[in-house]
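Enquirer: next input, structure requested:
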Amino acid sequence: MRRCAFLLLSALLAATPLAGQSTVTGIRDLAFGIVIRGVQTTVAPADPVKSGRFYVRHRLNRQVRIQFTLPTQLARVGGGGNLPITFPNNSGIAQGTAGNSVPLTFNPNVAQTFNLVTSADFFVNLGGRVSPAANQATGNYRGTVTLTVTFF
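Expert: Residues are numbered from 1 along each chain as shown. Okay, here's the model as predicted:
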């Protein structure tokens, strides 16, 4: 079992894996950018810039189970408040790298098992929604998303 911690609004670096090795790599953080007080903001999992992104590699014709541990609030950097965050049922997308791979939308709140049929590797994108209060404190907010991957 591998775990890949993913910090919202901060970068992760990963070593290059050996050929054929099962790996999980954090590629991009989920980033909402500037959010307006009292206005709900959503990042779609297909957003090419703001969605969180992971790369998973295993062996062809095997299964991979992914499970997220998702925050319910983001903490204000420096203290002084929290920002509610949710991950609606369609906030996850998985897609293999083969030309005939079709994107699969899924609920990131529930563990998913994928059969690697067309490619040995795939990307997992994560979107989400923040709901700032009308009196939300300005500043940067951060939270941790953990992706647990089980290789079969």
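Enquirer: identify the residues contacting residue 58.
Expert: Going by Cβ atoms under 8 Å, 6 or more residues apart in numbering, residue 58 touches 22, 64, 116, 120-121, 151. (C-beta placed from N, C-alpha, C; glycine too.)
Enquirer: as a markdown table, the residues you listed with neighbour count would be great.
Expert: Listed next are the contacts of residue 58 as a markdown table, based on neighbours: other Cβ atoms under 10 Å:
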| residue | neighbour count |
| --- | --- |
| 22 | 16 |
| 64 | 24 |
| 116 | 21 |
| 120 | 19 |
| 121 | 17 |
| 151 | 17 |
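Enquirer: and of the residues you listed, the nearest to residue 29?
Expert: Taking Cβ to Cβ as the measure, residue 29 lies nearest residue 121 of the contacts of residue 58, at 20.3 Å.
Enquirer: how near is residue 79 to residue 26?
Expert: Look at residue 79 and residue 26: by Cβ to Cβ, to the nearest Å, they are 26 Å apart.
Enquirer: who has more neighbours out of these two?
Expert: Between residue 79 and residue 26, residue 26 has the larger neighbour count (other Cβ atoms under 10 Å), namely 19 against 8.
Enquirer: roughly how far does that one sit from residue 38?
Expert: 31 Å.
Enquirer: can you show me the CA trace of stretch 68-87 as CSV?
Expert: Output of stretch 68-87 as CSV, limited to C-alpha atoms (Å, rounded to 0.1, in the frame of the first residue of the first chain):
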residue,chain,number,x,y,z
PHE,A,68,-9.1,9.7,-0.6
THR,A,69,-9.1,11.1,2.9
LEU,A,70,-10.7,14.5,2.3
PRO,A,71,-10.8,17.6,4.6
THR,A,72,-14.1,19.3,5.5
GLN,A,73,-12.4,22.6,6.3
LEU,A,74,-9.3,24.5,5.1
ALA,A,75,-7.4,26.3,7.9
ARG,A,76,-6.3,29.9,7.4
VAL,A,77,-2.5,30.2,7.2
GLY,A,78,-1.4,32.0,10.3
GLY,A,79,-4.6,31.1,12.2
GLY,A,80,-7.9,33.0,12.5
GLY,A,81,-10.5,30.9,10.7
ASN,A,82,-11.5,27.9,8.6
LEU,A,83,-13.1,27.7,5.2
PRO,A,84,-15.6,24.9,4.5
ILE,A,85,-14.7,22.6,1.6
THR,A,86,-16.7,19.8,0.1
PHE,A,87,-16.1,17.3,-2.6
